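> Have a look at this prediction, sequence included:
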Amino acid sequence: MRPLIISLLLSAGCFAGLPDPLMQADGTKITTKEQWEKSLRAETLRKFRENIYGVTPVGKPEGFKAVVTKEVPDALDGAATVKFIEISFNTPKGERKIRPVVVLPNKAEKPTAAFLLINNRKPDLLDPDNPNGFFPVREIVARGYAAVGFHYGDVDVDKKDGYQGGVRFQYDPEKPADDAWACVAAWAWGASRVLDYIGSEPRIDAKKVAVVGHSRGGKTALWAGAEDPRFALVISNDSGCTGAAISRGKVGESVKKINELFPHWFNTNYKKFGGKEDELPVDQHQLVALIAPRHAYVASAIEDTWADPKSEFRSCVEAAPVYALYGMKTTGTAEFPAIGTPLHTGQVGYHVRAGNHDLKLVDWQNFMDFADLKGFR
Ligand code: GTR
């Protein structure tokens, strides 16, 4: 007979040893949402800040202004109004600007829900006159939603040696502290600033904003949702390592690899955990849990083995105990679904599609189906 502990580990599969999202430092488990909200949620968030994404030093900045620089009332053959916005604010080292594009459905009779895309690819994907599946504004507007997008490069520079060109440098010293915010946290902070502007846009219902990101943008969307409870829905597409995918037992990209390839995305403390995932005080299912009781959505592509679809799905399953405190389920099943069979019945949606690493129209159609079902429209 195997010793009990080994049997338990084997029966739990390769995700054995995950931190229990309900466990407190004193070794007892919480049982109510009040306990989660009063202390354990903050403690979990603190661990993610300290060990992975970093501590963000500022909220809505001084001198925050948002102006419409151009407005096209009859864009997309009359289906939409497009507004080009310039957000500006002061930092200890000068001004910075974020320039979102806002596409509003003309047929709407009341303020609509919106999808806010963190664009980590070419800026021209945000151009409403450039039809593309990464930011399919025509389709979003046709379904009665507003589409808002901003380029992450407005906030921070996605380069190993880009520190001095980004917003972090405008607030932080020459050499950032080991737990200081890194790029992902800075981009997430930028998404919150765009949400600040959305609060003043009369044609959008700011209580119904979904933050969306793909890949590094998907990691950013999750962190934005964890840090900013104003996001009602948090959507991560193919976010993989240090996004939705659980790090323990993950295949494809590892903590070690991501820190080597992209040291600027996460803080210095995170570098200690390369090859030592078991020593991380948290794992990524707890990031999904930080979004509770709000809606979350994780999407994967079956050929994207670098991101690891099964580990992405697993975080939705392992976040379930926190959603259960609210009487809610996440995906409602621990069984990995078939391609093209989205799981949309719970508070956390999931789908895996055919093909490789990308954000496509079919992903968006699923996000909008989910939002429709959850009363965003
Ligand atoms: C990959 C990287 C991933 C992912 C992606 C992207 O090469 O290893 O973590 O974020 O890039 O952002 O496109």
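Perfect, thanks for sending it.

> what's the neighbour count on residue 226?
23 (other C-beta atoms under 10 Å). (C-beta placed from N, C-alpha, C; glycine too.)

> mind checking the SS state of it?
Assigned by DSSP: H, G, I helix; E, B strand; the rest coil, the conformation of residue 226 is helix.

> would you list every one of the strands in the stretch 151-300 of the chain?
204-214, 233-237, 295-301 (DSSP state E, counting those that start in this stretch).

> what's the distance between the residue nearest the centre of the chain and the ligand?
Here the mean C-alpha position of the chain is nearest to the C-alpha of residue 221 (C-alpha atoms, centre = their mean), at a distance of 1.8 Å. Using C-beta to the nearest ligand atom, to the nearest Å, we find residue 221 at a distance of 12 Å from the ligand.

> Model confidence for that residue, exactly?
pLDDT, residue 221: 99.

> can you pull the contacts of it?
By C-beta atoms under 8 Å, 6 or more residues apart in numbering, the contact list for residue 221 reads 118, 188, 191, 211-213, 234-236, 239.

> Near the ligand, list only the ones from the residues you listed.
Among these, no residue lies close to the ligand (C-beta under 6 Å from any ligand atom).

> quick one on the thing from earlier: point out the most buried one among the strands of the stretch 151-300 of the chain.
strand 233-237 (a mean of 30; mean count of other C-beta atoms under 10 Å).

> Residues contacting that one, please?
115, 208-215, 217-219, 221-222, 224-225, 243-244, 291, 294-299, 312, 359, 363, 367, 370-371, 374, 376.

> rewinding a little: kindly indicate which of the contacts of residue 221 lies nearest residue 305.
residue 239 (14.3 Å; C-beta to C-beta).

> so can I have TSV of the strands of the stretch 151-300 of the chain showing mean pLDDT and distance to residue 184?
Listed next are these as TSV, based on pLDDT from 0 to 100; distance: least, C-beta to C-beta, whole Å:
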stretch	mean pLDDT	distance to residue 184
strand 204-214	99	10
strand 233-237	99	12
strand 295-301	99	17
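
> and stretch 113-128, which residues are buried?
Neighbour counts over stretch 113-128 (16 or more other C-beta atoms under 10 Å) mark 113-121, 125-126, 128 as buried.

> re the thing from before, ok, what's across the strand from the nearest residue to the residue nearest to the centre of the chain once chain neighbours are set aside?
Leaving aside its chain neighbours, residue 221 sits nearest to residue 213 (3.6 Å; criterion: C-beta to C-beta, 6 or more residues apart in numbering). Note on residue 213: beta-bridge partners by DSSP bridges are residue 118, residue 236.

> I'd assumed residue 116 was in contact with residue 213.
No - taking contacts as C-beta atoms under 8 Å, residue 213 lies outside contact range of residue 116: 9.3 Å.

> Okay, and residue 72 sits in which element?
strand 65-75 (DSSP states H and E).

> other SSEs contacting the helix or strand that that strand is followed by?
Counting by DSSP H and E, the element after strand 65-75 in chain order, helix or strand, is strand 80-91. For strand 80-91, the packing partners by 3 or more C-beta pairs under 8 Å, 6 or more residues apart in numbering; DSSP states H and E come out as strand 65-75, strand 94-98, strand 101-105, helix 167-171, helix 183-198.

> Run the chain-centre distance for strand 80-91.
The chain centroid and the centroid of strand 80-91 are separated by 22 Å under C-alpha atoms, centre = their mean, to the nearest Å.

> Pull out the buried residues from stretch 41-56.
41, 44-45, 48-54, 56.

> what does stretch 303-318 give?
304, 306-318.

> Would you reformat these as TSV and include pLDDT?
Below are the buried residues of stretch 303-318 laid out as TSV (pLDDT from 0 to 100):
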residue	pLDDT
304	98
306	98
307	98
308	98
309	98
310	98
311	98
312	98
313	98
314	98
315	98
316	98
317	98
318	98
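
> For the chain, list the residues in contact with the ligand, please.
Checking the chain against the ligand by C-beta under 6 Å from any ligand atom, the hits are 120, 215-216, 240-241, 253, 258, 261.
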